[in-house]
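Q: any chance you can model this:
(one chain, ligands or ions: 1)
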Amino acid sequence: MKRLRLGALASGGGSNLQAIIDRSESGNLNADVVVVVSNNSKSGALERARKHNIKACHISTYTEGSEKSVDMVITEKMKEHEVDIVILAGYMKKIGLKLLEAFEGKILNIHPALLPKFGGDGMYGRLVHEAVLEEGEKESGPTVHIVDSEYDRGPILEQRKIPVLPDDTPETLAARVLIEEHKIYPDVIQRISEQCE
Ligand code: GRF
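A: Okay, the predicted model is just below:
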């Protein structure tokens, strides 16, 4: 079975990226992360990539000058590394049109709530879990979806529900959702790899 080649875009700590790398290295995921791109030169994601001998690239408007160039360079990087699937793992920038076109239907994102609720522009990090608690939701959990030109609106591939507990804070809820994120993202990638056989 052909192993999927994954290209990751990440801005932050990269714990989801790490979960995917770990599953891949343990032999329980038919995919390899071959390149990690970050807009943040100090991101944990780039550090994690280097530790695992995965190509790590800092690409941002700082290095490239404009959003358009960033889009072009990222697209080229993904092509150069013969990436099959692009995975967004806490990537805080909007995806450019070139990348969307070149990898149409092949860009995945993970969101820490049950879309279509609690998504969209500005809905990230603590704000998502705050909103879930404010709405008095009984359940939350991660969503893996295909990325299109609108924030958090592409077709949903899978969701995992966990109960919201009466004494949850945004932090406790985020931590329990994150545990599920680390399982669902590699699971979805594995499922895609089996479909591609
Ligand atoms: C996760 O909560 C993910 O759902 C969201 O960004 C966060 C990234 O966390 N898109 P990490 O960098 O993978 O730890």
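
Q: and the strand with the most length in the chain, what does it pack onto?
A: Looking across the chain with DSSP state E, the single longest strand is strand 31-38. Judged by 3 or more C-beta pairs under 8 Å, 6 or more residues apart in numbering; DSSP states H and E, the packing partners of strand 31-38 are strand 4-9, helix 15-25, helix 44-51, strand 55-58, helix 67-80, helix 170-195. All C-beta atoms are positioned from the backbone trio N, CA, C, and that covers glycine.

Q: may I see the buried residues of it?
A: Under the neighbour-count criterion of 16 or more other C-beta atoms under 10 Å, strand 31-38 has 31, 33-38 buried.

Q: contacts for that strand?
A: 3-11, 14, 17, 20-21, 24, 45-46, 48-49, 52, 54-59, 74, 77-78, 81-83, 85, 87, 189-190, 193 (C-beta atoms under 8 Å, 6 or more residues apart in numbering).

Q: and the ligand, which of those contact it?
A: Near the ligand, judged by C-beta under 6 Å from any ligand atom, the entries from these are 10, 14.

Q: and the residue of the chain nearest the ligand?
A: Here the residue of the chain nearest the ligand is Gly90; by C-beta to the nearest ligand atom that distance is 2.6 Å.

Q: and the closest residue to that residue other than its chain neighbours, what pLDDT?
A: Once flanking residues are discounted, Gly90 sits nearest to Gly12: 4.4 Å by C-beta to C-beta, 6 or more residues apart in numbering. Note for Gly12: predicted pLDDT of 96.

Q: what does Tyr151 give?
A: Residue-level confidence at Tyr151 comes out at 77, pLDDT.

Q: from now on call the first residue 855
A: That works, and once the first residue is 855, the last one we named lands at Tyr1005.

Q: report the contact partners of it.
A: Listed by C-beta under 8 Å, 6+ apart, the contact set of Tyr1005 reads 948, 973-975, 977.

Q: do Ile874 as well
A: Contact analysis of Ile874 by C-beta under 8 Å, 6+ apart lists 860, 862, 883, 885, 887, 941, 943, 1039-1040, 1043.
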